[in-house]
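> turn this into a structure:
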Amino acid sequence: MTNLPEVTVRDLAESGVHFGHKISRWNAKMAPYIYGVHQENRIHIIDLRKTLPLLQVAMKALYDVASQGGRILFVGTKFQAFDIIASEAIRCGQYYVNHRWLGGMLTNWGTVSSSIKTLMQYEKILNDEDSILTKKELGNIEKKKQKLDKALGGIREMGAIPDILFIIDTNKEHIAVKEAKKLGIPIVAILDTNSDPDDITYLIPGNDDSRKSIELYCKLATDSILSGIESSLARSGVKIDNIKGDEFIQEKEDSIVQTKRKRSKVYKEEEREKAVDKLRTIGLAKADKKSDRIASDGLVAMCLTENYGALVELNCETDFVARNEKFIELVSNLASIAHQERCISIDELKNAKYESISTVQEAIMNGTSVLGEKLELSKLCYLETKDGVVAGYVHGDVRGLGKTGALVALQSPGDKAKLQEIGKQIAMHIVAMKPEALSIDDLDQMKLKNERSIIEEQVRSLNKPEEVAKKIVDGRMAKYYEEVVLLEQKFIKDDKMKVSDFIKSSEVSAIKLSDYKLLVLGSAN
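Okay, the predicted model is just below:
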């Protein structure tokens with residue numbers, strides 16, 4: 001049963017949530033959430049009767065993500081919010097940006113990850129008691145470390161892009177909103193009367209300047225997240241009676257930080273072992289034993305011919321090994337074998353022959369011995385077509401290998417070379433936009449039903465006539481399709497057309513995009 005924190009209109013009013021901006025600064029799109037104008041101060045008053053149900057829907061969204069072990073990123077860089085954002089994110093074991101949003105923090109995660117690794121290297125140098133560097137050199141490194149820590153300290157252990165954002169003041173954090181929209185990441189956001197609600201998944205109309213209001217929003221968000229984590233732990237049999245969020249403790253184990261880079265929050269000491277066991281299953285903690293090491297880095301390799309393609313993911317523990325020549329050769333060979341043998345499962349590929357060594361599995365075990373890190377063959381996907389081509393693309397910088405790859409099957413009697421180029425363009429789009437389904441009919445119906453119910457709940461609070469409300473719901477669903485359905489997405493190289501329009505406008509006629517595969521390093525796909 002969902003155990004969300006309780007809040008009333010009175011609580012919102014006492015925290016000043018209803019105070020908007022001067023009427024000269026308003027955004028007309030916020031009109032449905034405005035009660036009226038304070039005649040003396042000439043500011044808009046927000047309708048708390050509409051804020052409350054939307055707040056509850058938003059908190060439920062955070063609860064759901066937390067109960068499934070998802071990552072939640074708190075964003076608030078304004079003076080009134082920066083310390084609250086950090087303390088509340090830490091309290092629930094999540095991540096935060098409270099200094100300055102760096103452009104590309106989500107859309108260019110690879111570069112951000114490199115900067116995080118640099119930060120960790122600086123810390124290692126500064127903590128080295130046997131360092132031979134001079135005081136001046138150490139001082140310069142300390143300055144660089146502090147600069148990186150201020151910008152990236154709150155996300156250093158996040159490990160990958162978040163599953164949902166919680167934002168204070170979307171006007172100030174407009175870059176974060178834009179990047180989240182591009183990647184299809186849901187947003188929970190506080191919207192004052194001067195904000196634009198268009199790109200916000202779960203909007204909360206309210207004062208985004210008052211420190212007291214911000215404290216209330218963040219506390220409710222944190223309590224909802226903690227309830228979600230408690231729910232997850234309760235399902236595993238962990239006793240959580242009378243346990244409060246401030247009784248969480250943070251695990252600081254170097255081996256876990258280096259391999260998973262995720263913070264592990266654990267309940268009371270007497271529940272530690274059971275809690276860690278549960279957190280292990282959702283990827284938040286791992287035992288520091290060699291046999292249980294996490295292979296969280298690695299490479300994706302592709303092998304492609306005209307009508308068949310295969311993608312393989314081989315994992316290791318660090319980026320250092322991922323760039324090793326022996327590792328690169330091994331993952332490339334695995335992709336070739338998967339293609340040559342037409343393997344349809346991981347087990348089939350593991351049992352396939354590998355050069356002078358009897359099987360692929362033995363080659364991987366040998367690689368573990370030689371490279372000194374756990375290697376794991378984690379994913380395999382393939383595509384085949386008889387009436388067209390299979391095209392593909394791998395995004396990365398390691399000799400044609402990388403962290404994300406996509407395959408596309410195009411059916412057409414047209415020119416094969418042109419089809420390959422069209423397919424590659426679509427595969428590049430898939431790698432960047434990461435759609436969830438090929439067409440609307442391919443979407444998960446339960447997820448689709450849940451999305452519609454959330455939108456209907458949001459629209460219901462607007463008190464619009466039935467016909468108008470239906471049009472609003474249909475419009476928002478259409479926007480949702482544009483975010484998650486490949487054929488409905490705006491083409492990344494020309495956002496004036498959809499992917500389906502790009503296919504129709506190509507030089508080759510009668511093209512059908514029959515299927516695609518996306519493989520992202522470290523993801524569950």
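
> in the lengthiest helix in the chain, what counts as buried?
Looking across the chain with DSSP state H, the single longest helix is helix 211-235. Neighbour counts using 16 or more other CB atoms under 10 Å place 213-234 of helix 211-235 among the buried residues. Quick note: C-beta positions are derived from backbone N, CA and C, even for glycine.

> where in the stretch 351-500 of the chain is pLDDT low?
Within the stretch 351-500 of the chain, the stretches with pLDDT under 70 are 356-357, 397-400.

> dihedrals phi and psi, the residue lying closest to Pro197 once chain neighbours are set aside?
Once flanking residues are discounted, Pro197 sits nearest to Leu203: 4.9 Å by CB to CB, 6 or more residues apart in numbering. Geometry field for Leu203 lists phi and psi as phi -90, psi 150, criterion degrees, to the nearest 10.

> I'd like the distance between Leu203 and Arg71.
In this view, Leu203 and Arg71 are 21 Å apart by CB to CB, to the nearest Å.

> again, but for Lys403
Distance of Lys403 to Arg71, given as CB to CB: 17 Å.

> ok, back up a step: I'd like the distance between the residue nearest to Pro197 and Lys182.
19 Å.

> more neighbours: Leu203 and Arg71, which one.
Leu203 (25 against 21; other CB atoms under 10 Å).

> my read: the residue nearest to Pro197 touches Asp196, true?
No: counting by CB atoms under 8 Å, Leu203 sits too far from Asp196 to count as a contact (10.0 Å).

> who are the packing partners of the longest helix of the chain?
If contacts are counted by 3 or more CB pairs under 8 Å, 6 or more residues apart in numbering; DSSP states H and E, helix 211-235 sits against helix 48-67, strand 72-75, helix 82-91, strand 164-168, strand 187-191, helix 272-281.

> swap in 7 Å and give it another go.
In this structure, helix 211-235 makes packing contacts with helix 48-67, helix 82-91, strand 164-168, helix 272-281, judged by 3 or more CB pairs under 7 Å, 6 or more residues apart in numbering; DSSP states H and E.

> ok so Asn171 is a helix residue?
No: with DSSP: H, G, I helix; E, B strand; the rest coil as the criterion, Asn171 is assigned coil and is not in a helix.

> so what pLDDT did it get?
In this model, Asn171 is scored at 93, pLDDT.

> and for Leu233?
pLDDT, Leu233: 79.

> cool, and the one 10 residues further on?
Model confidence at Ile243, given as pLDDT, is 46.

> go on, the one 3 residues further on?
The per-residue pLDDT reported for Asp246 equals 45.

> can you give me the buried ones in stretch 477-492?
In terms of neighbour count (16+ other CB under 10 Å), stretch 477-492 has its buried residues at 477, 480-481, 483-492.

> which residue is the nearest non-sequential neighbour of Thr107?
With CB to CB, 6+ apart, the residue lying closest to Thr107 is Glu179, at 4.9 Å.

> quick one: that neighbour and Leu106 touch, right?
Yes: using CB atoms under 7 Å as the test, Glu179 is close enough to Leu106 to be in contact (4.1 Å).

> alright, I will stop here.
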